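# Got a sequence here, can you build the structure:
(one chain, ligands or ions: 1)
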Amino acid sequence: MTTTASAPATLPERVALTRTYLMCRPDHYTVSYSINPWMRPEDPTDTSVALDQWQTLHDAYVGLGNAVELIDGLPGLPDMVYSANGGFTLDGVAYTARFTHPERQPEGPAYGEWFRTNGFRVHEAREVNEGEGDFLLVGDVILAGTGFRTSEASHRELAQVTGREVVTLRLVDPRFYHLDTALAVLDPEGRDANIAWLPLAFDEASRAELRRRYPDAVEVSEEDARWLGLNSISNGRDVVIASRATGFEASLRERGYAPVGLDLSELLLGGGGVKCCTLELRR
Ligand code: ARG
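Below you'll find the model as predicted:
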């Protein structure tokens, strides 16, 4: 019998929970304007490649036992594929998105309408916010990004709407303009909920706050974050990530998670990855 240094017995047992996600097929996907440093309208995009890559993500979720619901994309709204920005749902309430840039503003009502006809009580946001792009539920707490898109005023509004503690975190690097590009929730539930993150994407006060709350967090390299490796979805065991984030993948394995690497390179041209294409529905 052989024993290795990293005997599996020392790894925590990870438990997977199934969830319900809202996704939007990239039928109208392209990069026709630039509202983040990733987007270069002068470079070509291939909608059929985006569709194939998106389908792989969709099928991975279904394969892991999740339910996936769909919203129809609308012509002229190429970023609608990034459904994470469509709102934030908790306990059957949908807090609607109010986008910063005019190019995406019509998406707010489109997603709002979907929530209304799909069983949510809809709370129309008064303040500018980009949904789950900047609001991440970790255990009982909502981590909330600001600095590029979502306003601090919306953090207060969301706290009122949900009754949850909302922790303001300030993003400082334009490449990581939404919280979900700089921080990943590894354990969506439970008191030991943990995260992975890129410290350089946050201001000093936010870094201190995150270190205090999550002393055992996984820190990823800038290289992994540049493939939007942190833009990932975990069910507590399986973590769907960008396959090019190989360092993050190794850290996850060391901690007993099961990374599922996917290639979403075409959707990266719009500045989005796995998580951006996924909105959790909490009814
Ligand atoms: N092109 C989109 C934008 O800049 C990408 C959104 C990515 N979504 C996300 N949840 N990070 O708004």
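
# Up against the ligand, what does the stretch 1-150 of the chain have?
35, 36, 39, 79, 82, 84, 85, 104, 133 (C-beta under 6 Å from any ligand atom). C-beta: built from backbone N, CA, C; applies to glycine.

# Ends of stretch 123-136, what's the gap?
By C-alpha to C-alpha, to the nearest Å, the extent of stretch 123-136 from end to end equals 18 Å.

# got the buried residues for that stretch?
By 16 or more other C-beta atoms under 10 Å, the buried positions in stretch 123-136 come out as 123, 125, 128, 129, 130, 131, 132, 133, 134, 135, 136.

# between those, which is nearest the ligand?
Distance to the ligand across the buried residues of stretch 123-136 (C-beta to the nearest ligand atom) is lowest for residue 133, with 3.2 Å.

# Go ahead and confirm residue 47 touches residue 29.
Yes: at 5.3 Å, residue 47 counts as touching residue 29 under the criterion of C-beta atoms under 8 Å.

# These two: who's more crowded?
The residue with more neighbours, out of residue 47 and residue 29, is residue 29; 28 against 14, by other C-beta atoms under 10 Å.

# ok, that one - contacts?
Counting by C-beta atoms under 8 Å, 6 or more residues apart in numbering, residue 29 makes contact with 45, 47, 50, 51, 73, 78, 81, 266, 267, 270.

# ok, for it, nearest residue in space, not its chain neighbours?
Of all residues not flanking residue 29 in the chain, residue 50 sits nearest, at 4.6 Å (C-beta to C-beta, 6 or more residues apart in numbering).

# So which residues of the chain form helices?
Assigned by DSSP state H, the chain shows helices spanning 47-63, 107-117, 152-162, 204-213, 222-226, 246-254, 265-268.

# export these to JSON lines and tack on mean pLDDT?
Listed next are the helices of the chain as JSON lines, based on pLDDT from 0 to 100:
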{"stretch": "helix 47-63", "mean pLDDT": "98"}
{"stretch": "helix 107-117", "mean pLDDT": "98"}
{"stretch": "helix 152-162", "mean pLDDT": "98"}
{"stretch": "helix 204-213", "mean pLDDT": "98"}
{"stretch": "helix 222-226", "mean pLDDT": "97"}
{"stretch": "helix 246-254", "mean pLDDT": "98"}
{"stretch": "helix 265-268", "mean pLDDT": "98"}
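
# out of these, nearest to residue 183?
For the helices of the chain, proximity to residue 183 was assessed by C-beta to C-beta; helix 204-213 is nearest, at 7.7 Å.

# other SSEs contacting that closest one?
Judged by 3 or more C-beta pairs under 8 Å, 6 or more residues apart in numbering; DSSP states H and E, helix 204-213 is in contact with strand 166-170.

# Pull the residues that contact the strand it packs on.
Outside of strand 166-170, the residues within contact range by C-beta under 8 Å, 6+ apart are 135, 141-147, 152, 155-156, 158-159, 179, 183, 202-203, 205-206, 209-210, 213.

# go with 7 Å
With C-beta atoms under 7 Å, 6 or more residues apart in numbering as the test, strand 166-170 has contacts from 141-147, 152, 155, 158-159, 179, 202-203, 206, 209.

# Same check on stretch 208-219?
Applying C-beta under 7 Å, 6+ apart, the contact partners of stretch 208-219 are 167, 169, 194, 195, 196, 197, 199, 202, 251, 255.

# Which one (most neighbours) among those residues?
residue 196 (28 neighbours).

# Could you pull up the residues touching that one?
184, 186, 217, 218, 220, 230, 248.

# okay, now the closest residue in space to it that isn't next to it in sequence: neighbour count?
In this structure, residue 196 finds its nearest non-sequential neighbour in residue 218, 3.8 Å apart by C-beta to C-beta, 6+ apart. Counted by other C-beta under 10 Å, the residues lying close to residue 218 total 18.
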